[in-house]
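1. Here is a sequence together with a model predicted from it:
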Amino acid sequence: MLAFSPCLVAIILAATGVEAGSRLWQPRITHAKAAVAAGIAVRDLSGVTNIYFNGTNFSSTQHGHQKRYFGLNTPSGSSDYPRLWPNGNIDACFDTATHTHNGVNGVSTRDILYDNLIAARELWRQAGLDDKGGSFQFNILADNDPGCARALRSTHLLIIYAGENVRKMSSTVGVIQPLGEPGGTGPSLYLGPSMTLTDILDIGMMNVVANYAHEMGHVWGLHHEHQNPKWWTTPFSDTERDKIYFSEANFHCENLADFADHMVGYSPTGPEAWRYTNERNSLCRKHAYAERSKFAGGINYLPMDSEGMIDGDKSEPDWDSIMLYPSNAGGRTVGGVKQNVITKPNGDLIQPNSKPSQQDVKGLKKMYGVKIDRGFIGNLGASTSKFLNKVKTIRKKDPDASCL
């Protein structure tokens with residue numbers, strides 16, 4: 001007969017009381033739980049990555065372990081860009097273009113992306129980022145909602161479908177400044193806060209829902225976990241560090257899919273080899289140079305040393321972060337095998353993460369000034385009081401009961 005720890009039973013009972021879904025979604029969600037369960041199970045292609053799963057739109061770049069985050073620090077009330085959303089609340093509008101999808105013409109962006117976006121928001125909620133306190137609402141507006149007007153491009157997120165079989169995902173980080181149409185005809189429809197998504201299965205985390213959750217992290221203001229300059233040292237950073245997580249030893253720039261294209265015209269041998277070396281080192285070590293050169297691999301991997309960013313007092317990367325690339329993201333293919341671009345310091349592979357981590361959630365709450373719940377109990381949301389009551393009851397009945 002199996003013996004169960006009373007504390008473990010209490011945790012299980014409390015956890016089952018957590019409610020999913022929110023009436024704050026527009027339109028109302030009636031199948032979020034099923035979408036999450038089915039979406040994650042069916043859309044998982046472990047071990048396959050064909051491109052950078054996020055081409056973050058870098059045109060927007062103009063105490064204790066509970067503070068793990070790397071993102072924007074410009075408040076929503078500032079006149080500067082990029083900045084945070086008011087209380088983390090986002091009004092989202094679908095691009096009204098139609099597409100050919102699964103052999104059917106005229107399919108709307110909403111019909112293609114809606115269910116997976118619902119599931120992605122639910123992943124964040126299950127990780128502890130609910131919207132019950134009036135923050136972090138992700139409201140999908142109707143296509144004819146006045147809030148989706150082009151004149152209001154700085155107040156809503158435009159969600160775009162990349163196109164069938166198009167390998168592109170990119171998101172602006174936080175709220176960026178909308179740019180005008182040529183000729184001064186008002187704000188551009190597309191040059192403002194935006195999220196471009198694909199439903200290709202073999203990209204990024206090999207999981208469509210997890211990929212969309214990653215993009216949501218960017219839109220709320222998070223940068224890639226691996227691009228925090230704290231994890232790098234010279235020659236990638238101007239700061240010498242005692243503890244190094246990413247260096248020439250475990251960042252393999254030559255394995256990036258677009259590296260060879262950027263090195264056309266340079267030879268690693270012969271009298272002009274020094275030119276190759278100089279160009280390679282500039283592309284593969286300095287984010288600003290990679291950005292000027294439109295080197296997507298460097299843009300999405302190299303440490304970012306720009307103003308307007310903040311991170312917590314961390315001692316090492318959050319290896320469970322949804323904002324962390326798996327090892328072979330964006331790697332070139334050799335003999336049908338994707339090459340690894342980055343690994344852990346000991347050579348272990350960085351595995352795809354299928355959900356936001358607790359530190360992702362704590363980081364966003366810290367960035368937006370939302371109270372951070374303490375420990376595991378805080379992640380149970382509404383069931384916290386139930387959990388505590390069950391533990392107290394158990395302790396009264398058995399003073400020797402304890403959790404390992």
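-> Looks like it arrived, so ask away. Residues are numbered from 1 along each chain as shown.
2. C-alpha from now on. contacts and neighbour counts both.
-> Fine.
3. Quick one: the helices in the stretch 51-200 of the chain, in order.
-> Taking DSSP state H, counting those that start in this stretch to define them, one finds helices in the stretch 51-200 of the chain at 109-126.
4. what bits of it have low per-residue confidence?
-> The model of the stretch 51-200 of the chain has pLDDT under 70 over residues 51-69, 72-73, 75, 77, 79, 180-189.
5. Strands along that one, start to end?
-> 70-72, 90-94, 98-101, 104-108, 138-140, 157-161, 170-171, 194-197 (DSSP state E, counting those that start in this stretch).
6. Name the residues that touch stretch 250-270?
-> 51, 272-277, 279-280, 284, 295-298, 330-333, 339-345, 347 (CA atoms under 8 Å, 6 or more residues apart in numbering).
7. Helices - which of those residues land there?
-> Residues of these located in helices (DSSP state H): Ala273, Trp274, Arg275, Tyr276, Thr277, Glu279, Arg280, Cys284, Ala296, Gly297, Gly298.
8. Report how many residues lie close to the third one.
-> Burial measure for Arg275: 15 neighbouring residues, criterion other CA atoms under 10 Å.
9. SS state for the closest residue to it other than its chain neighbours?
-> Distance criterion CA to CA, 6 or more residues apart in numbering; nearest residue to Arg275, sequence neighbours excluded, is Tyr266 at 6.8 Å. Three-state assignment for Tyr266 (DSSP: H, G, I helix; E, B strand; the rest coil): coil.
10. which stretch among the strands of the stretch 51-200 of the chain comes nearest Thr239?
-> Distance to Thr239, taken as CA to CA, is lowest for strand 70-72 among the strands of the stretch 51-200 of the chain, at 17.6 Å.
11. returning to what we had before: return the member of the ones in helices among the contacts of stretch 250-270 nearest to Met169.
-> Once CA to CA is applied, the member of those that ends up nearest Met169 is Ala296, at 12.1 Å.
12. still on that earlier bit, give me the buried subset of the contacts of stretch 250-270.
-> In these, burial by neighbour count holds for 51, 276, 280, 284, 295-298, 330-333, 339-344, counting by 16 or more other CA atoms under 10 Å.
13. end to end, how far does stretch 347-365 reach?
-> End-to-end distance of stretch 347-365 (CA to CA, to the nearest Å): 32 Å.
14. any residues touching it, and which ones?
-> So stretch 347-365 is contacted by 40, 66-70, 123-124, 127-129, 204-207, 210, 213-214, 220-222, 250, 312, 318-327, 342-344, 371-372, 379 (CA under 8 Å, 6+ apart).
15. Just the buried residues of those.
-> If we count by 16+ other CA under 10 Å, these have these buried: 40, 66-70, 123-124, 127-129, 204-207, 210, 213-214, 220-222, 250, 312, 318-327, 342-344, 372, 379.
16. Among those, name the ones in strands.
-> Taking DSSP state E, the ones among those that sit in strands are Phe70.
17. circling back to that earlier point, distance to Phe236 added to the strands of the stretch 51-200 of the chain, as a markdown table?
-> Listed next are those as a markdown table, based on distance: least, CA to CA, whole Å:
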| stretch | distance to Phe236 |
| --- | --- |
| strand 70-72 | 17 |
| strand 90-94 | 35 |
| strand 98-101 | 42 |
| strand 104-108 | 43 |
| strand 138-140 | 36 |
| strand 157-161 | 33 |
| strand 170-171 | 24 |
| strand 194-197 | 29 |
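18. Provide the partner residues of Gly331 in its beta bridges.
-> Beta-bridge partners for Gly331, by DSSP bridges, are Leu256.
19. Relative to Ser135, how far out is Leu364?
-> Using CA to CA, Leu364 is found at 11 Å from Ser135.
20. Look at those two and report which has more neighbours.
-> Just comparing Leu364 and Ser135: by other CA under 10 Å the higher neighbour count belongs to Leu364, 25 against 18.
21. relative orientation of the host helix or strand of that one and helix 109-126 in degrees?
-> Per DSSP states H and E, Leu364 falls inside helix 358-368. Inter-element angle recorded for helix 358-368 and helix 109-126: 100 degrees (by axes from the mean of the first three to the mean of the last three CA atoms, to 10 degrees).
22. for helix 358-368, what is the average pLDDT?
-> Mean pLDDT, computed over helix 358-368, is 93.
23. what's the answer for stretch 284-293, then?
-> 96.
24. What are the buried residues along it?
-> For stretch 284-293, by 16+ other CA under 10 Å, it's Cys284, Arg285, Lys286, His287, Ala288, Tyr289, Ala290, Glu291.
25. Contacts for it, please.
-> The contact list for stretch 284-293, computed with CA under 8 Å, 6+ apart, reads 58, 235-236, 253, 282-283, 296, 298-299, 302-305.
26. go again using 10 Å as the cut-off
-> 58-59, 227, 234-237, 247-248, 251-254, 256, 259, 262, 278-279, 281-283, 294-306 (CA atoms under 10 Å, 6 or more residues apart in numbering).
27. ditto for stretch 100-107
-> By CA under 10 Å, 6+ apart, stretch 100-107 touches Ala97, Thr98, His99, Ser108, Thr109, Asp111, Ile112, Gly163, Glu164, Asn165.
28. which of those residues tops the neighbour count?
-> Result: Thr109 is most packed of the contacts of stretch 100-107 (other CA under 10 Å), 21 neighbours.
29. okay but it is in contact with Asn116, surely?
-> No. When contacts are counted by CA atoms under 10 Å, Thr109 is not listed as touching Asn116 (11.9 Å).
30. Mutual contacts of the two, please.
-> Counting by CA under 10 Å, 6+ apart, nothing touches both Thr109 and Asn116.
31. Alright, I will stop here.
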